[in-house]
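>>> Coordinates only, no sequence provided:
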């Protein structure tokens, strides 16, 4: 099973979001300063698993080339943070979704409290419109997408069931089944069906945008297909947005209760 962290890493590298990915140091520093000043809560994902913890950026130092962030109250989590090469951080500013990696991590003490030092993010994903925000589908409530295929040699209708990795109002990403099924950029699939927990089935038409490989916890590679919706009806978009809002609301409630 692909981890939420692994998917977030690949989202930062995917061309699905190339136009929203910032590389300019001045822009990134400005956003980092805002996160420090607002003490925004940041969900930080550790590699190799679904483990995460809440933190905040405490300061920017060394000509704004390094950031200090708060340690977790869980010492086991802090040990893992100190040993990892890169963390994936997700937060928001005034409804704008922000995602960025942190590397070069060192344990430090800042103003008398346990903290970590990391290099300033060199890239930062800023999603300014809700419909472009991709929800990483919860492991506990996995989504699947039924994709119709061309009839086989016997003329019988065929379809495949693909696991959904993430979803937005603009599209979704699925794990391409290991069967001998062709998935290439530009291919379109009509009458695909996604069943959204608590909201029911949604029929969509989608086009394959890109393909690349993810590595799951067991070390096995799977093929990820990033797809965009084609002529998505407003009724379907509303259901998807309601589903995303509910899952995010439930996730935030769980994190506040940590």
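Happy to help now that I have it. Just so it is clear, the model here is predicted, and its values are computed rather than measured. Numbering: from 1, shown residues only.

>>> residues in contact with residue 118?
Applying Cβ atoms under 8 Å, 6 or more residues apart in numbering, one finds that residue 118 lies in contact with 66, 67, 68, 69, 87, 102, 103, 104, 105, 106. (Each C-beta comes from the backbone N, C-alpha and C, glycine too.)

>>> State the distance from the third one to residue 59.
Applying Cβ to Cβ, to the nearest Å, the value for residue 68 to residue 59 is 4 Å.

>>> Quick check: neighbours shared by the two?
Both residue 68 and residue 59 are in contact with residue 110, where contact means Cβ under 8 Å, 6+ apart.

>>> between the two, which one's more packed in?
residue 68 (21 against 14; other Cβ atoms under 10 Å).

>>> My understanding was that the more buried one contacts residue 58; is that so?
Yes. Using Cβ atoms under 8 Å as the test, residue 68 is close enough to residue 58 to be in contact (4.6 Å).

>>> Excluding residues flanking it in the chain, which one is nearest residue 176?
The shortest distance from residue 176 to any non-neighbouring residue, by Cβ to Cβ, 6 or more residues apart in numbering, is to residue 223 (4.1 Å).

>>> Tell me how many other residues surround that neighbour.
Residue 223: 14 surrounding residues under other Cβ under 10 Å.

>>> May I see the buried residues of the longest helix along the chain?
Longest helix of the chain, by residue count under DSSP state H: helix 234-256. Within helix 234-256, the residues that count as buried by 16 or more other Cβ atoms under 10 Å are 236, 237, 239, 240, 241, 243, 244, 247.

>>> Please apply the same query to stretch 141-160.
143, 144, 145, 146, 147, 160.

>>> Go through the residues you listed and flag which are in strands.
143, 144, 145, 146, 147, 160 (DSSP state E).

>>> give the contact list for the residue lying closest to residue 103 once chain neighbours are set aside.
Closest residue to residue 103 apart from its sequence neighbours, by Cβ to Cβ, 6+ apart: residue 86 at 4.6 Å. Residues in contact with residue 86 (Cβ under 8 Å, 6+ apart) are 9, 47, 101, 102, 103.

>>> Now flag whichever of these is closest to residue 117.
Distance to residue 117 across these (Cβ to Cβ) is lowest for residue 102, with 9.8 Å.

>>> Does that closest one touch residue 69 like I think?
Yes. Under the criterion of Cβ under 8 Å, residue 102 makes contact with residue 69 at 7.3 Å.

>>> Who are the contact partners of residue 39?
Counted by Cβ under 8 Å, 6+ apart, residue 39 has contacts 56, 57.

>>> list the contacts for residue 205?
188, 189, 190, 191, 192, 229, 230, 231, 232.

>>> What is the nearest of these to residue 26?
Of the contacts of residue 205, the one sitting nearest to residue 26 (Cβ to Cβ) turns out to be residue 229, at 34.4 Å.

>>> Neighbouring strands - and their directions - for the helix or strand containing the residue nearest to residue 176?
Here residue 223, judged by DSSP states H and E, is contained in strand 221-229. Sheet pairing of strand 221-229 (DSSP bridges) gives strand 171-175 (antiparallel), strand 200-215 (antiparallel).

>>> by how many degrees do the next helix or strand after the first one and helix 234-256 diverge?
Downstream of strand 171-175, the first helix or strand assigned by DSSP H and E is strand 188-196. On the basis of axes from the mean of the first three to the mean of the last three Cα atoms, to 10 degrees, strand 188-196 is oriented at 50 degrees to helix 234-256.
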